[in-house]
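Trainee: following is a predicted model, sequence given first.
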Amino acid sequence: MEIITSKDNKKVKEARKLLTKKYRKNSYLIEGFHLLEEAVKAGSEILQVFVEEEKFDKLPSALRFDLRLQSLSENGQRNEVEMTEKLSVNMVSREVLKSLADSDSPQGIIAEVKKCEAEIDFSGSKYLVLENVQDPGNVGTMIRTADAAGFSGVILLGNTADIYSSKVMRSMQGSNFHLPVIQMEPGLLFGQLKKAGLSVLITTLSANSVSYQSVKARRFALVMGNEGAGVSEEAVNQADILVHIDMPGQAESLNVAVAAGILMFSL
C-alpha cells in the first residue's frame, strides 16, 4: 500500500477541513484507537481511516467489533486485506497524520465518521441540558459524566461548544456513542420536558434556590449554564426547582463541570 507523504494530498486536504466547524456538515474526525473502537461498537459508519505505517498492524484489532465492515473470504475466515481496502484505509507519514490531528501527541490513527442524527423521546428519567457552555473540555467532561451516571441523554442549547470538535471528542472519550446528544431550541425543549412530565431543575445561586440535597425529583432534566453568566433568564422562568450546592469554604464558585458531576451523581 502506498504511503501518503504529502500534506497537500487531495484526500488529506479534504479531511483536514473537518477540523473546522463549518465543514463538519456530514462527517467529523476522531483521533485514537479507543474512540475508533467505540465508534465501531456503536455501529457508526466509518468513511475512511488515516493510519501511520508502524501502527497499521493495530488496525484490525481496533475494528474487530464491527462485522459489517469486515469482508469474509470464501471459507468464512476474515480477510484482513479485503477488510482494510473496503474501509478506505490510507497509510500516511507521521507528518501527514499530525496535520490532521488537533492533539499535541496523536496516537497514530484518525478516522472520518459519518454524522448520525440522534433522537430523544424523553421517556427516560434523567437528562442533562447544557445551555451556552462554551469550554470544549467542560462540555465533553459533562457528557462523559452523564454517561457514567446513567443519564438518558444530553441536550445542547444556544452557543454550547460543538460536540464534533476534536477537543470535545477527546473529553467525551466515546460517551457520545453511548447516549444520545442533540441540539434543540429552548422553546421546543422546555415544552417537551413539561409534556413528558419531567421536572426542570435549574442551577442558580438566587435567593429562591434550595440545596440539591433536599431535592427528591424522580424524573428530571438538570440545566447547567454558561461558565461566566450562568443559566439564562429564559431557562430560569421554566424552572420547577431552583437548586444550588452549599459551599462552606471561601471559593466564590465551582467549575461548571465539577458542579454538574456533584449534582448528577447525587440527584
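Mentor: Done, it's in.
Trainee: isn't Thr160 right up against Asn138?
Mentor: No: with contact defined as Cβ atoms under 8 Å, Thr160 does not reach Asn138; the gap is 9.6 Å. All C-beta spots, glycine's among them, are computed from the backbone N, C-alpha and C.
Trainee: domain map for this structure?
Mentor: Domain ranges of the chain: 3-114, 126-266, per automatic domain parsing.
Trainee: any chance of the ones you listed in JSON lines, with mean pLDDT, mean neighbour count and distance to Ile120 too?
Mentor: Converted to JSON lines, the domains of the chain look like this (pLDDT from 0 to 100; neighbours: other Cβ atoms under 10 Å; distance: least, Cβ to Cβ, whole Å):
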{"stretch": "domain 3-114", "mean pLDDT": "80", "mean neighbour count": "16", "distance to Ile120": "16"}
{"stretch": "domain 126-266", "mean pLDDT": "95", "mean neighbour count": "18", "distance to Ile120": "4"}
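Trainee: all strands of the stretch 1-150 of the chain, in order?
Mentor: 3-4, 27-31, 46-52, 89-92, 109-114, 126-131 (DSSP state E, counting those that start in this stretch).
Trainee: contact partners for the residue nearest the centre of the chain?
Mentor: Note on the chain: the residue nearest the mean C-alpha position is Asn176, at 3.9 Å, using Cα atoms, centre = their mean. With contacts defined as Cβ atoms under 8 Å, 6 or more residues apart in numbering, the neighbours of Asn176 are 143, 163, 169.
Trainee: just those now: which is nearest Lys41?
Mentor: Met169 (15.7 Å; Cβ to Cβ).
Trainee: what secondary structure does the closest one sit in?
Mentor: helix (DSSP: H, G, I helix; E, B strand; the rest coil).
Trainee: where's it relative to Asn159, distance?
Mentor: For Met169, the distance to Asn159 equals 18 Å [Cβ to Cβ, to the nearest Å].
Trainee: again with Gln238
Mentor: From Gln238 over to Asn159 (counting by Cβ to Cβ), the distance is 18 Å.
Trainee: need the longest helix for the chain.
Mentor: Looking across the chain with DSSP state H, the single longest helix is helix 136-148.
Trainee: direction included, what does the helix or strand following it pair up with?
Mentor: Next along the chain after helix 136-148, taking DSSP states H and E as the criterion, comes strand 153-157. Applying DSSP bridges, strand 153-157 is found paired with strand 126-131 (parallel), strand 181-183 (parallel).
Trainee: what does strand 153-157 contact?
Mentor: 118, 120, 124, 127-132, 139, 142-143, 146, 163, 179-186, 189, 221, 235.
Trainee: hey, where'd the helices end up in the stretch 151-267 of the chain?
Mentor: Counting by DSSP state H, counting those that start in this stretch, the stretch 151-267 of the chain has helices at residues 166-172, 186-195, 233-236, 256-266.
Trainee: let's have these in CSV, adding distance to Lys114.
Mentor: As requested, these are exported to CSV (distance: least, Cβ to Cβ, whole Å):
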stretch, distance to Lys114
helix 166-172, 15
helix 186-195, 25
helix 233-236, 32
helix 256-266, 29
